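S.K.: using only what follows, build the 3D model:
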Amino acid sequence: MKQALYLLLVFGLVPIQTTVLTYAGLGGVRPDLCLVAAILVGFFAGELDGLLLGLVLGFVQDLFSAGELGLNLVAKGSAGFLAGMAGRYVTNTTPITVLTTVFGLSLLSGTVFLLTVGAGGLAGVSFAIWSVLLPQALWDATLGGAGYWLVARYIRREQAILEGPTGWDR
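M.R.: I've put the predicted structure just below:
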């Protein structure tokens with residue numbers, strides 16, 4: 001089941017991001033679904049799954065983009081791994097924890113892209129931070145929080161079905 005979900009993410013997210021989300025962005029800024037997926041998988045399934053899914057999603061994104069080859073691969077893989085590490089050491093994961101983690105990792109990923117591409121001096125970097133980097137991090141955090149809420153709700157429902165309404169094993 002997990003492999004089918006990962007295949008669906010790999011072959012579904014990149015086309016959705018490049019086609020549908022082109023029109024859904026505000027002011028030309030759109031969320032990075034692949035980054036959010038790698039982070040959520042890292043949080044829920046661990047650092048190895050987050051790393052591997054992030055690497056594959058980044059590779060597929062690199063194949064379809066005209067940017068630097070390998071930049072998405074490294075950014076998404078690192079984000080998935082770091083989210084998995086954070087998920088391992090956080091005792092009680094809440095939507096606020098996920099929001100801040102996704103926001104921080106999105107800022108980190110965007111900063112890597114900004115430094116790699118360059119923005120034409122201090123004025124260009126300042127403009128890129130306020131007009132692209134922060135809005136995209138807010139988009140990603142919002143989607144990450146919503147995704148966490150949906151997945152955590154599904155997991156709690158499955159646990160209630162398996163353990164019964166009182167939480168005790170039958």
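S.K.: how about the helices in this structure?
M.R.: Secondary structure of the chain (DSSP state H): helices at 2-19, 21-24, 33-45, 47-64, 71-89, 95-117, 121-128, 134-163.
S.K.: what's the most buried one of those?
M.R.: Of all the helices of the chain, helix 33-45 has the most neighbours on average by mean count of other CB atoms under 10 Å, namely a mean of 27. In this view, the C-beta of every residue, glycine as well, is placed from N, C-alpha and C.
S.K.: one step back: dump the helices of the chain to CSV, plus mean pLDDT.
M.R.: Shown next, in CSV, are those (pLDDT from 0 to 100):
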stretch, mean pLDDT
helix 2-19, 87
helix 21-24, 74
helix 33-45, 92
helix 47-64, 93
helix 71-89, 92
helix 95-117, 89
helix 121-128, 76
helix 134-163, 81
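S.K.: contacting residues for the residue sitting nearest the centre point of the chain?
M.R.: Closest to where the C-alpha atoms of the chain average out (CA atoms, centre = their mean) is Val36, at 1.5 Å. Residues near Val36 by CB atoms under 8 Å, 6 or more residues apart in numbering: 102, 140, 143-144, 147.
S.K.: the same query, at a cut-off of 10 Å, please.
M.R.: 13, 79, 83, 98, 102, 105-106, 139-148 (CB atoms under 10 Å, 6 or more residues apart in numbering).
S.K.: contacts only, for the closest residue to Ile16 other than its chain neighbours.
M.R.: Of all residues not flanking Ile16 in the chain, Leu33 sits nearest, at 6.5 Å (CB to CB, 6 or more residues apart in numbering). Neighbouring residues of Leu33 by CB under 10 Å, 6+ apart: 9, 12-14, 16-18, 20-21, 57, 61, 139-140, 143, 147.
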